[in-house]
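Trainee: Quick one, fold the following:
(one chain, ligands or ions: 2)
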Amino acid sequence: MPIIAPSLLAANFSNLKAEIDSITNGGADWLHLDIMDGHFVPNITFGPDIVAALRSNSNLTFDVHLMISRPEDYISAFAEAGADYISVHAETCNHLHRVIQQIRQAGCRPAVALNPSTPLYVLDYILEEVDMILLMTVNPGFGGQSFIPAVLPKINDLATKLRKNNHKDILLEVDGGITPENAGKVCQAGANVLVAGSAVFGKSDRSAAIKELRQGAEF
Ligand code: DX5
Ligand code: ZN
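Mentor: Residues are numbered from 1 along each chain as shown. Ligands and ions are numbered 1, 2, ... in the order given. Predicted structure coming up:
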């Protein structure tokens, strides 16, 4: 059964506490928090102060997805804000191994995110160090985009690589355009953490939306 991580990006920003309560009561496992800087990606969202404010109201696992340049400058701020997982994009790190260590030393679980076009081999020498890999299934920057089917074989390849190298403990997260219709395919390919913005916060009944995702994920 996959971990369901609704993405706050699709929530009503004027009522975040109620929005988070709705997915908590609806059976979400994690909360996915998209941090965008208007530089690595075209959009801007929110920063560590908002994460800290939400943390004081929620016991969900906080899955912080940094879509920002120079993530190394902000790791401690997001760790102090209460992040559990911190994902950094390989494309933004000159010294990926060092940033992963920085996340671990800050007391969080490190994850590496890859854009759809970024090859898996960038992970070759850091797998020992991470708790999760995030494969983007859209180009990061906006919610509500369509799933890119070309990433399916990439999910499969990564799952195989993790199995072969005895890294079954590393989570494989997918993010972007995930719906009940494609959840089965991505889980069959090897994903075990599903981020979903529109497919959860875009629906009025969050509990039903999360249930539909879980049902869709069966294969
Ligand atoms: C995209 C973000 C995603 C996004 C997913 O840049 O990283 O987390 O919120 O939203 P949906 O599920 O609507 O594609
Ligand atoms: Zn995300």
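Trainee: all strands in the chain, in order from the N-terminus.
Mentor: For the chain, applying DSSP state E gives strands covering 3-6, 30-36, 61-67, 85-89, 109-114, 132-136, 171-175, 193-196.
Trainee: how about those strands in a markdown table, adding distance to ligand 2 and mean neighbour count?
Mentor: C-beta here means a position set from N, CA and C on the backbone, and glycine is covered the same way. Shown next, in a markdown table, are those (distance: least, Cβ to the ion, whole Å; neighbours: other Cβ atoms under 10 Å):
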| stretch | distance to ligand 2 | mean neighbour count |
| --- | --- | --- |
| strand 3-6 | 9 | 26 |
| strand 30-36 | 4 | 24 |
| strand 61-67 | 4 | 25 |
| strand 85-89 | 8 | 26 |
| strand 109-114 | 8 | 22 |
| strand 132-136 | 7 | 25 |
| strand 171-175 | 4 | 25 |
| strand 193-196 | 5 | 27 |
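Trainee: could you dump the ones you listed to TSV with distance to ligand 1 and mean pLDDT?
Mentor: Below are the strands of the chain laid out as TSV (distance: least, Cβ to the nearest ligand atom, whole Å; pLDDT from 0 to 100):
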stretch	distance to ligand 1	mean pLDDT
strand 3-6	9	98
strand 30-36	5	99
strand 61-67	5	99
strand 85-89	9	99
strand 109-114	8	99
strand 132-136	7	99
strand 171-175	5	99
strand 193-196	5	99
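Trainee: Just send those back as JSON lines, with distance to Tyr125 too.
Mentor: Putting the strands of the chain into JSON lines (distance: least, Cβ to Cβ, whole Å) gives the following:
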{"stretch": "strand 3-6", "distance to Tyr125": "26"}
{"stretch": "strand 30-36", "distance to Tyr125": "26"}
{"stretch": "strand 61-67", "distance to Tyr125": "21"}
{"stretch": "strand 85-89", "distance to Tyr125": "16"}
{"stretch": "strand 109-114", "distance to Tyr125": "11"}
{"stretch": "strand 132-136", "distance to Tyr125": "14"}
{"stretch": "strand 171-175", "distance to Tyr125": "18"}
{"stretch": "strand 193-196", "distance to Tyr125": "23"}
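Trainee: Contacts only, for Phe142.
Mentor: Contact analysis of Phe142 by Cβ atoms under 8 Å, 6 or more residues apart in numbering lists Pro42, Asn43.
Trainee: got the residues of the chain near ligand 2?
Mentor: Proximity of the chain to ligand 2, by Cβ under 5 Å from the ion, involves residues Asp34, His65, Asp175.
Trainee: make it 6 Å
Mentor: Ser7, His32, Asp34, His65, Asp175, Val195 (Cβ under 6 Å from the ion).
Trainee: if I look at the closest residue to Gly190 other than its chain neighbours, how far off is Ile126?
Mentor: Using Cβ to Cβ, 6 or more residues apart in numbering and skipping the chain neighbours, the partner closest in space to Gly190 is Ala159 (2.4 Å). Distance, Ala159 to Ile126, by Cβ to Cβ, to the nearest Å: 17 Å.
Trainee: Quick check on Cys108: phi, psi?
Mentor: Phi and psi for Cys108, reported as degrees, to the nearest 10, are phi -110, psi 170.
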